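Peer 1: Predicted model, plus sequence, below.
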Amino acid sequence: DVPLMDDPDDPDYMAQKKLVEETVARRQQLKEDKEFDPLDFVMNRMTPELADALEEIPLIQETQKMEDEIVKLDAKDFEGMNLLEEMAKTPDLMNDDPYENEGREN
């Protein structure tokens, strides 16, 4: 990058230079915003101070409470169960169309 030269004798040039520099800065910020990866930020770049500050946000606290209340399964929950048989009975939501009969009359 080559910085634009100042020309104090030409106020129009200086005004245009200022607009160009502001536009470049805005576009650079937009580029950075578009490329921002929140997961990468949280996993790799967040400072301990920011992590502590996030813990103080009521929404984060409420989310943590909800996470703590989620049912968690362990090996005891699957005792006596044939997982392969149970999985075969379960529709594959990624590949099976749950709406294939929608709109058809019986």
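Peer 2: That came through fine.
Peer 1: pLDDT at residue 57, what is it?
Peer 2: Looking at residue 57, its pLDDT is 94.
Peer 1: same deal with the one 5 residues further on?
Peer 2: You'll see residue 62 listed with a pLDDT of 93.
Peer 1: Please apply the same query to residue 88.
Peer 2: Reading off the model, residue 88 has pLDDT 86.
Peer 1: secondary structure element for it?
Peer 2: If you go by DSSP states H and E, residue 88 is part of helix 83-89.
Peer 1: Just give me how far that helix sits from the chain centre.
Peer 2: Relative to its parent chain, helix 83-89 has a centroid offset of 33 Å by CA atoms, centre = their mean, to the nearest Å.
Peer 1: Repeat that for stretch 76-94.
Peer 2: For stretch 76-94 - counting by CA atoms, centre = their mean - the centre lies 31 Å from the chain centre.
Peer 1: which residues of the protein fall in helices?
Peer 2: With helices called from DSSP state H, the chain shows them at 11-35, 38-40, 48-55, 58-69, 83-89.
Peer 1: Contact partners for the most centrally placed residue in the chain?
Peer 2: Nearest to the mean C-alpha position of the chain, by CA atoms, centre = their mean, lies residue 38 at 4.7 Å. Contacts for residue 38 (CB atoms under 8 Å, 6 or more residues apart in numbering) come out as none. In short, each C-beta sits where N, CA and C put it, glycine included.
Peer 1: and it, how far is that from residue 52?
Peer 2: 18 Å (CB to CB, to the nearest Å).
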